[in-house]
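**Q** below are the sequence and a predicted model; questions follow.
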Amino acid sequence: MPRGSGLLELLNAPHTWPLSASAVFAGGQTSIFSPKGTPAHSIFTLSMFVLAITAGIFLVAGGALAYVLIRYRRRTADSDHEPAQVYGSNQIELSWTVIPLIVVVVLFLTTARVIFSTEHANRPDGALAVIVIGHQFWWEFRYPKIGIVTANELHIPVSDSKASRPTYLEMSSADTVHSFWVPQLAGKTDVIPNRVNLMWIDPEASGVYLGQCAQYCGTQHAKMLLRVYAQSQGDFDKWAAQQLQPARQDAGAAEGQAVFLRNACINCHTIAGTVATGRFGPDLTHLASRDTIASGAIQNTAENLRKWIDNPSHMKAGCLMPSMHLDDSDLNAVTAYLTTLH
């Protein structure tokens, strides 16, 4: 799907406008020209080098063309006979063969150097490992050494020159081909069924970095968004400790929990500490602690959550979550329950 199509789809959806506007116009947060990580800096430097070479080629070729058009334009005093023709020039033929060949070789070698230096970088002992699984149309994140499972919002520690701690992402797909791309942190990497691809990111500053599935994967490809939360080591440790705790819920949410557990919700979702152990949809144990739902497309508010449960396809057409057809009483109860899952 063209990038413009996804942008128009986001902007034309009134229920996602508050989030979509900030995501689209957030000061270049999805631009490769504002790198915040080592792989992204390498890509930016390479891009500037390629741009400089192509700009030079354009200026030389365009300047030569402009000179010829002006210098040898037809004048009134010119005779009608054809000018003298030159057939073959070894110097010219060598120049337009050798010079492009040199340019191609230089671009190939510089690109290969960036690829190999990124792919074969030494993995430090303190690197964080995260398993990334692409689904239609959301992201699952598993922290195997910590024991955390979450969705759509990737939390990682900041890595600086004094305390390098990159995050290594082991990526695969549960269905079709996806592509993980956070432009400010690294280049895109395809997420493919029955194959594990590896990439690493090391954000140099705290903040939220926005990304996108960069491979068309179905009707909701444009809303398969990414949010990477880069935090200080202390803040990341606090987040991890909170995620490891049982979901905190209000005593008054028992009715909503009962509605959740007696419906088909438990076939697709997990809530730790309950009989809900589904793996088809996102883990909801700490749903209320997330800023967004629907893979970053919708702000996580009680109102939006209620609309989502009632009719997901109305907010994200083509998503695989069915409408639960709950009456107002059950819908209010299950919404209240889910908003307590911190």
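**A** All right, it came through fine.

**Q** which SS class is the closest residue in space to E140 that isn't next to it in sequence?
**A** Spatially, and ignoring its direct neighbours in sequence, E140 is nearest to I133 (4.1 Å; C-beta to C-beta, 6 or more residues apart in numbering). C-betas here are computed from N, CA, C, even on glycine. For I133, the secondary-structure state derived from DSSP: H, G, I helix; E, B strand; the rest coil is strand.

**Q** report pLDDT for I133.
**A** Looking at I133, its pLDDT reads 96.

**Q** go on, D327?
**A** Value listed for D327 in the pLDDT field: 89.

**Q** and what of G4?
**A** For G4, the pLDDT comes out at 40.

**Q** what's the distance between the residue nearest to E140 and F180?
**A** Applying C-beta to C-beta, to the nearest Å, the value for I133 to F180 is 11 Å.

**Q** ok, those two, which is more surrounded?
**A** Taking neighbours as other C-beta atoms under 10 Å, I133 and F180 compare with F180 leading, 25 against 19.

**Q** quick check: bridge partners of the more buried one?
**A** Taking DSSP bridges as the rule, F180 bridges to T189, C213.

**Q** what do I133 and F180 both touch?
**A** 139, 171, 191 (C-beta atoms under 8 Å, 6 or more residues apart in numbering).

**Q** returning to what we had before: for the residue nearest to E140, which residues are in contact?
**A** 139-140, 142, 171-174, 191.

**Q** reformat those residues as a markdown table; add distance to P282.
**A** Below are the contacts of I133 laid out as a markdown table (distance: C-beta to C-beta, whole Å):
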| residue | distance to P282 |
| --- | --- |
| W139 | 9 |
| E140 | 7 |
| R142 | 12 |
| M171 | 17 |
| S172 | 17 |
| S173 | 16 |
| A174 | 12 |
| V191 | 16 |
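
**Q** ok, the residues you listed vs A129, which is closest?
**A** R142 (9.3 Å; C-beta to C-beta).

**Q** would you map the strands across the stretch 101-250 of the chain?
**A** 128-135, 138-143, 148-151, 153-157, 167-173, 178-181, 189-191, 197-201, 207-213, 225-231 (DSSP state E, counting those that start in this stretch).

**Q** looking at those strands, which is nearest to V60?
**A** strand 178-181 (33.7 Å).

**Q** measure the residue nearest to E140 to W139 for me?
**A** The spacing between I133 and W139, counted by C-beta to C-beta, is 7 Å.

**Q** ok, back up a step: now restrict the contacts of I133 to buried residues only.
**A** When the contacts of I133 are checked for burial by 16 or more other C-beta atoms under 10 Å, the buried set is 139-140, 142, 171-173, 191.

**Q** please, where are all the helices along this protein?
**A** With DSSP state H as the criterion, the chain has helices at 3-11, 17-24, 38-71, 90-119, 233-244, 254-262, 265-268, 302-310, 312-315, 328-338.

**Q** tell me which of those helices is the most buried.
**A** Highest mean neighbour count of the helices of the chain: helix 328-338, a mean of 19 (counted as mean count of other C-beta atoms under 10 Å).

**Q** what's the burial count for the residue lying closest to V228 once chain neighbours are set aside?
**A** Excluding its sequence neighbours, the residue lying closest to V228 (C-beta to C-beta, 6+ apart) is Y209, at 4.3 Å. Neighbourhood size, Y209 [other C-beta under 10 Å]: 25.

**Q** surely Y209 meets Q231?
**A** No - with contact defined as C-beta atoms under 8 Å, Y209 does not reach Q231; the gap is 11.5 Å.

**Q** quick check: closest non-adjacent residue to K36.
**A** Closest to K36 by C-beta to C-beta, 6+ apart is Q184, at 4.6 Å.

**Q** got it, and T277?
**A** Excluding the flanking residues, the one nearest T277 by C-beta to C-beta, 6+ apart is T270, at 5.3 Å.
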